[in-house]
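> Sequence first, then the predicted structure:
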Amino acid sequence: MEAIDHLSLEQILELLAKADIEIEGLVPWGSNYTFLVRLCHETVEAQGIYKPRRGERPLWDFPAGTLCLRERAAFLLSQTLGWDIVPPTLIRPGPQGIGSLQYFIDHDPDHHYFTLKEQFAASPTESFLNDAELPGQFVRQTQKIALFDLIINNADRKGGHVILDKKGHLWAIDHGVCFHADYKLRTVIWDFAGQPIPPALLQDIVCLADQGEQKQAPLMAALGQLLSKNELKAMQNRVQHLLDLGSFPEPGPGRHYPWPLV
């Protein structure tokens with residue numbers, strides 16, 4: 001993973017694990033309690049997103065107290081794939097108890113999946129947000145996010161959950177309602193439906209499937225502490241389905257978009 005801002009991944013994870021956490025404010029648009037926090041460790045300061053377990057709104061279809069664990073599971077899977085989709089995330093105690101703590105990605109909140117897609121479509125061969133390479137990056141990274149959401153069974157991929165950092169990299173956030181054993185995919189990214197999965201991404205999924213067959217593999221051991229056996233098995237089945245299909249699936253029957261869309 002490339003450095004975010006001036007910190008390496010290892011430095012960010014150390015910061016998340018050891019920093020003093022100071023709440024700066026409540027993020028108003030979350031359905032669960034979500035706090036913007038200041039992280040301070042030695043000479044390093046940064047911002048993070050803290051989601052305490054006891055602030056999770058009860059859901060009928062997800063076990064209570066597991067949403068923060070799914071945030072961590074999404075980061076681990078993103079790292080294993082090598083796709084750099086989910087910002088660094090871990091589980092630790094905080095001012096409101098144990099919860100997920102994620103490194104805050106500095107971004108323009110006015111830019112999200114729909115605005116970026118519209119801007120790219122308007123001038124795909126010209127400079128895009130002052131970066132001539134970004135159109136290709138946008139397609140490649142949204143393909144990764146689309147496949148990632150299929151693998152984790154994301155029930156809530158809104159447009160606002162796709163953000164662009166200052167270096168032109170797309171990130172995906174908010175993964176509390178993922179990894180359910182039953183099909184619950186709700187996403188705004190259906191642009192690639194029916195298209196072949198690019199060979200490089202398909203090979204990444206093959207490697208993930210190989211790890212899934214090894215119960216003692218680091219990923220599976222870590223996910224086993226965060227997800228149920230049924231959820232892990234369902235994830236493995238989704239991975240195999242993608243490999244058998246070899247293409248981006250078409251939307252299934254019923255509701256396949258989240259609401260609201262942004």
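Now that the structure is in, tell me what you want to look at.
> what's the spacing between residue 108 and residue 115?
9 Å (CB to CB, to the nearest Å). For the C-beta atoms, the positions are set from N, CA and C on the backbone; glycine is no exception.
> Looking at those two, which one has more neighbours?
Neighbour tally, residue 108 and residue 115, criterion other CB atoms under 10 Å: the higher count belongs to residue 115, 16 against 12.
> For the helix or strand hosting that one, name the packing helices and strands.
Taking DSSP states H and E as the criterion, residue 115 maps to helix 113-122. Helices and strands touching helix 113-122, by 3 or more CB pairs under 8 Å, 6 or more residues apart in numbering; DSSP states H and E, are helix 134-152, strand 162-164.
> Name every strand pairing with the last one and say which way it goes.
According to DSSP bridges, strand 162-164 has the following sheet partners: strand 170-172 (antiparallel).
> And the next helix or strand past the partner strand?
Criterion used, DSSP H and E; the element after strand 170-172 is helix 199-212.
> Return the alpha-carbon coordinates of that next one using CSV.
In CSV, the C-alpha atoms belonging to helix 199-212 read as follows (Å, rounded to 0.1, in the frame of the first residue of the first chain):
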residue,chain,number,x,y,z
PRO,A,199,-7.5,-10.7,-16.1
ALA,A,200,-5.3,-9.0,-13.4
LEU,A,201,-8.3,-8.5,-11.1
LEU,A,202,-9.5,-12.1,-11.8
GLN,A,203,-6.0,-13.4,-10.8
ASP,A,204,-6.3,-11.4,-7.5
ILE,A,205,-9.6,-13.2,-6.8
VAL,A,206,-8.0,-16.5,-7.6
CYS,A,207,-5.4,-15.8,-5.0
LEU,A,208,-8.1,-14.9,-2.5
ALA,A,209,-9.9,-18.1,-3.2
ASP,A,210,-6.7,-20.1,-2.6
GLN,A,211,-6.4,-18.4,0.8
GLY,A,212,-10.0,-19.2,1.5
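> follow-up on the earlier one: can the helices and strands packed on helix 113-122 go into CSV with extra columns for mean neighbour count, mean pLDDT and distance to residue 187?
Putting the helices and strands packed on helix 113-122 into CSV (neighbours: other CB atoms under 10 Å; pLDDT from 0 to 100; distance: least, CB to CB, whole Å) gives the following:
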stretch, mean neighbour count, mean pLDDT, distance to residue 187
helix 134-152, 20, 89, 5
strand 162-164, 23, 96, 10
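> how long is stretch 213-229 end to end?
Stretch 213-229 has an end-to-end distance of 13 Å (criterion: CA to CA, to the nearest Å).
> I am finished for the moment; much appreciated.
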